[in-house]
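In: Requesting a structural model of the entry that follows:
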Amino acid sequence: MADPIPTHAAPPVPASAAAVSASAASAAVAAAVAAAAATGCGPLDERAWRLYLDVLEAGGRIAAEAVPAAYVAARASHAARAAHAADPGRGPLAELLRTGLLVSDGMDGSYLAVDPRFVADTLGTEMNAEATRLLNRAERLAADLDPLIAAYDSVPRPSGPGSADVQVTGREHIRQRIAQLGAACREEALTAQPGHAVPAALELSLRQELPLLRRGCRILTLYQPTALAEPAVIRYAATVTEAGGEVRLLDEPFQRALVFDRATAVVPASDDLGRAAVLSDPATVAMIVANFDRDWARAERVCWNTLLDSTPTRPAAADRIGRLLAQGLTQKAIATRLGLSERTVAGHISRLRDLYGAETLFQLGWLMRDGGHRA
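Out: Below you'll find the predicted structure:
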């Protein structure tokens, strides 16, 4: 839809307005400039704001030739400037003409400033009308799609043992199948995501999960504590939590799984996650759900919003490693527990030994038995 262009002439200027002193007008313009610097330029580009104030400072009218070339984009000739009234093009002058804050005087091609109150009323009325039209369309949308919904529901679904375990190969196909299951979800989605989270995958998850939350579905997500060291996970978890979902951390190994409405589960079918099994056998899905419920009850609640702007003095992963060392776990056991490589764990341990001045892992674990005393 094109931008609304009010087709009106400039409101008449009261005779008393001509009596306003030049110093008072300059003071008003200066106040407007100060307000722009303090609060921004509202709906206008900064240069359009400046041009409008220049026109006011010139007495509310400016000749086409007097408009600085920088405000008229690529148009430079007098004839081209005058053509802005019919075809504004781009640039600050065009922006003011489109919004109606300036109008062209058809007699001499100059530009007149229009009272912003008048423009606000005009544009506000048009925007309210457009908003009402969109709300009406939104209310009718479900009814308009009723025939398609009925057709979708009438399609026979495969039944029997053959549908209980469907193999999907290829990450793109897996994502598509998960998106279909998410779109059909009506009550609840359970997600267990151990290991490292890919930022791009988190963005895709948000696009799929936020609509579910808006229509009242429940979403529960499990991550491992390494998520605390990943800003993308923190942002994702804070957004989901704000929308009504819940994300917890479990400091134990658990299996990757997605469950929709406690009726269909998606689990990895290969170590590289390139193949997935879509399960609908009630007994199998019930077992996966029971494992999730057990893990969820033991998982730790996190106030994700408080982590958005916080910068821990020591990485959260290092804290977890220190606590596990204090429990007597080996480097390999810690890597398995946290879903990290042994090389990553070794790097954290090396930095912790330097920080605490520990010569052995036993000594480091002892020094960190109460969470440590150094940042």
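In: how far away is the nearest residue to Ala66 once chain neighbours are set aside from Thr264?
Out: In space, and not counting its chain neighbours, Ala66 is closest to Ala58: 7.5 Å by CB to CB, 6 or more residues apart in numbering. For the C-beta atoms, the positions are set from N, CA and C on the backbone; glycine is no exception. Distance, Ala58 to Thr264, by CB to CB, to the nearest Å: 69 Å.
In: So, low pLDDT: which residues of the stretch 101-250 of the chain?
Out: 157-164 (pLDDT under 70).
In: Repeat the analysis, applying 90 as the threshold.
Out: Applying pLDDT under 90 to the stretch 101-250 of the chain flags residues 101-173, 175-176, 179-180, 182-184, 194-208, 211-212, 215, 224-234, 249-250.
In: Would you map the helices across it?
Out: Applying DSSP state H, counting those that start in this stretch to the stretch 101-250 of the chain gives helices spanning 116-144, 146-154, 171-184, 199-214, 231-243.
In: Return the most buried member of the ones you listed.
Out: Stretch with highest mean neighbour count among the helices of the stretch 101-250 of the chain: helix 231-243 (a mean of 19; mean count of other CB atoms under 10 Å).
In: Same drill for Ala58 and Thr264, tell me which one is more crowded.
Out: Looking at Ala58 and Thr264 with other CB atoms under 10 Å, you find the greater number of neighbours at Thr264, namely 18 against 14.
In: close enough to count as contact, that one and Ser280?
Out: Yes: assessed by CB atoms under 8 Å, Thr264 is found in contact with Ser280 at 5.1 Å.
In: pretty sure Val103 contacts Leu112?
Out: Yes: Val103 is within contact range of Leu112, at 5.4 Å (criterion: CB under 8 Å).
In: rewinding a little: just send the helices of the stretch 101-250 of the chain back as TSV, with distance to Ala335 too.
Out: Output for these, formatted as TSV (distance: least, CB to CB, whole Å):
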stretch	distance to Ala335
helix 116-144	50
helix 146-154	46
helix 171-184	25
helix 199-214	22
helix 231-243	19
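In: Now do stretch 323-342: everything it contacts.
Out: Outside stretch 323-342, the residues that touch it by CB atoms under 8 Å, 6 or more residues apart in numbering are 194-196, 224-226, 251-253, 317, 320-321, 344-346, 349, 352, 361, 364-366, 368-369, 371.
In: Using neighbour counts, pick out the buried residues of that stretch.
Out: By neighbour count with 16 or more other CB atoms under 10 Å, stretch 323-342 contains the buried residues Arg323, Leu324, Leu325, Ala326, Leu329, Gln331, Ile334, Ala335, Arg337, Leu338, Gly339, Leu340.
In: next one: it to chain centre, how far?
Out: In terms of CA atoms, centre = their mean, to the nearest Å, the centre of stretch 323-342 is set 35 Å apart from its chain centre.
In: What is the end-to-end distance of it?
Out: 16 Å (CA to CA, to the nearest Å).
In: same thing with stretch 55-68?
Out: One end of stretch 55-68 sits 11 Å from the other (CA to CA).
In: list the buried ones in it?
Out: Val55, Leu56, Glu57, Gly60, Arg61, Ile62, Ala64, Val67.
In: CSV for those, including distance to Ala257, secondary structure and pLDDT?
Out: Formatted as CSV, the buried residues of stretch 55-68 follow (distance: CB to CB, whole Å; DSSP: H, G, I helix; E, B strand; the rest coil; pLDDT from 0 to 100):
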residue, distance to Ala257, secondary structure, pLDDT
Val55, 64, helix, 88
Leu56, 65, helix, 88
Glu57, 67, helix, 87
Gly60, 69, coil, 85
Arg61, 71, strand, 88
Ile62, 68, strand, 86
Ala64, 69, helix, 82
Val67, 65, coil, 85
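In: and which of the residues you listed is nearest Arg133?
Out: Distance ranking of these against Arg133, using CB to CB, places Val55 first at 33.6 Å.
In: ok, that closest one touching Ala66?
Out: No: the criterion here is CB under 8 Å, and Val55 misses it with Ala66 at 9.4 Å.
In: what is in contact with the two at once?
Out: With CB under 8 Å, 6+ apart as the test, Val55 and Ala66 reach no residue in common.
In: burial measure for Gly347, as a count.
Out: Neighbour count for Gly347, taken as other CB under 10 Å: 14.
In: Now do the buried residues in the helix or strand containing it.
Out: For Gly347, the host element (DSSP states H and E) is helix 342-356. Going by neighbour count (16+ other CB under 10 Å), the buried part of helix 342-356 is Thr344, Val345, His348, Ile349, Leu352, Arg353, Leu355, Tyr356.
In: Show me where the stretch 251-375 of the chain has its strands.
Out: Per DSSP state E, counting those that start in this stretch, the stretch 251-375 of the chain carries strands over the ranges 257-260, 264-268, 275-279, 300-301.
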